[in-house]
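# pasting the sequence and the predicted model now:
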Amino acid sequence: MISVKNLKKVYQDDGSETQALRGVSFEIQKGEFVAIMGPSGSGKSTLLHILGFLDRPTSGSYSFMGKVMEELNDLELAEIRNDEMGFIFQDFNLLGKLSVYENVELPLLYNDNISPHERKREVEKAVESVGLSEKIGVVAGNLSGGQKQRVAIARALVNNPNVIFADEPTGNLDSRSGGQVMEILRRLNDGGHTVILVTHETYTAEFAERLIRLKDGEIESDVPVHNRRKIDDFFK
């Protein structure tokens, strides 16, 4: 599904250069649950932005489901991002004055091929999948942090994406809410969704099946997680 070869990213700032990525290469197969881990400044957020078509590399190649990034214009990238990818962020990125329904509906408003009836059905199904059907009409700003993150997951799911990118999804949550989020991500992965989790927490990363560690913009290790944590561990 994903193939990254010798990916480099250099930022220019007042004549100085910062090398965020220094020749990163790996592949991710459909259905994998991969955690990308590293300290601040390791390049993990930069890598996530490139994988999610939110930024472009300085050099190297990246192909997503056979589509080569450097061959696509910004409009084509945006269309793939909306149709094939779902995003979950640490800060939720919800519109606080809109309802749960309206927030989850947003990605579908850009899809001309779906009718209002189908849109309603898909929104309700996504909200139900994260256990928030009773909150569907509630204004998002009135929800708890854990509930907001579950709404963000529903919004990421509503287009039935091929891959879900989760950027520090438990970073602003208590352990119980974090456990609920990880339980949903594990369930989505078990259902066939590819999940790419970015985190600085070893504890959270060990819920994945594969762990890529970054350090100073390079891959330090890329190994299977032999003793994957159980969801129950979050609630102890």
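That came through fine.

# how far away from the center of its chain is stretch 167-174?
Centroid displacement of stretch 167-174 relative to its chain, using CA atoms, centre = their mean, to the nearest Å, is 12 Å.

# send me that stretch as PDB with only the CA atoms.
C-alpha atoms of stretch 167-174 as PDB (Å, rounded to 0.1, in the frame of the first residue of the first chain):
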ATOM      1  CA  ASP A 167      -1.200  11.600  15.400                       C
ATOM      2  CA  GLU A 168      -0.700  11.300  19.200                       C
ATOM      3  CA  PRO A 169      -4.400  10.400  19.500                       C
ATOM      4  CA  THR A 170      -4.200   9.800  23.300                       C
ATOM      5  CA  GLY A 171      -1.900  12.700  24.100                       C
ATOM      6  CA  ASN A 172      -4.600  14.900  25.600                       C
ATOM      7  CA  LEU A 173      -6.600  12.100  27.300                       C
ATOM      8  CA  ASP A 174      -6.700  10.400  30.600                       C
END
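
# all helices for this protein, in order.
44-51, 74-84, 100-105, 116-129, 145-157, 175-190, 202-205 (DSSP state H).

# residue 203 contacts residue 228, doesn't it?
No. Counting by CB atoms under 8 Å, residue 228 is not a contact partner of residue 203; they are 11.9 Å apart. Using the backbone N, CA and C atoms, a C-beta is placed for each residue, glycine as well.

# can you say which of the helices of the chain is nearest to residue 17?
Judged by CB to CB, the one of the helices of the chain that comes nearest to residue 17 is helix 44-51, at 13.8 Å.

# packing partners for the closest one?
strand 2-13, strand 16-28, strand 33-37, strand 59-64, strand 163-167, strand 194-199 (3 or more CB pairs under 8 Å, 6 or more residues apart in numbering; DSSP states H and E).

# ok, residues contacting the fifth one?
Same thing as strand 163-167. For strand 163-167, contacts defined as CB atoms under 8 Å, 6 or more residues apart in numbering pick out 1-2, 45, 48, 51-52, 84-90, 156-157, 185, 188, 193-198.

# tell me which residues of the helix or strand bottoming out on mean pLDDT in the chain come out buried.
Lowest on mean pLDDT, DSSP states H and E among the helices and strands of the chain sits helix 202-205, with a mean of 87. Residues of helix 202-205 classed as buried under the neighbour-count rule (16 or more other CB atoms under 10 Å) are 204-205.

# neighbouring contacts of that helix?
For helix 202-205, the surrounding residues in contact (CB under 8 Å, 6+ apart) are 35, 37, 170, 178, 182, 197, 199, 211, 225, 229.
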